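> here you go, sequence then predicted model.
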Amino acid sequence: MWLLLFTITITQGFSITYYSRQSGNWNAPTTWSTAGCGGGAAGSFPGPADDVVICSGDTVRQNVPGQECKNLTIQS
């Protein structure tokens, strides 16, 4: 008698929306907020699954090659 055991793993990706809260480097958590433009500092920085909003008046430098996001909005 043979017993076959299969494991199915379902991963559901989710995105976070990051807003620039000040000018700074892409990989600096202090550049970003998840609460909105000018909100408190985020605990991390955007990754490939995340949405990004660069708020009016802010300049975010891509200081490390390969930084990506899912969607990018630049406010004027």
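That came through fine.
> next, the contact list for the most centrally placed residue in the chain, please.
Nearest residue to the geometric centre of the chain (C-alpha atoms, centre = their mean): Pro46, 2.1 Å. Applying C-beta atoms under 8 Å, 6 or more residues apart in numbering to Pro46 gives the contacts Ile16, Tyr18, Trp26, Trp32, Val52, Gln67, Cys69. Backbone N, C-alpha and C define where each C-beta goes, glycine included.
> list only buried entries from the residues you listed.
Buried by 16 or more other C-beta atoms under 10 Å: Tyr18, Trp26, Trp32, Val52, Gln67, Cys69, out of the contacts of Pro46.
> give me the lowest-pLDDT entry from the residues you listed.
When these are sorted by pLDDT, the bottom entry is Gln67 at 92.
> surely it touches Thr31?
No: contact criterion C-beta atoms under 8 Å: Gln67 and Thr31 do not qualify, at 11.5 Å.
> can you give me the neighbour number for Glu68?
As a burial measure, Glu68 scores 13 neighbours (other C-beta atoms under 10 Å).
> do I have it right that it meets Gly47?
Yes: using C-beta under 8 Å, Glu68 is in contact with Gly47, at 7.5 Å.
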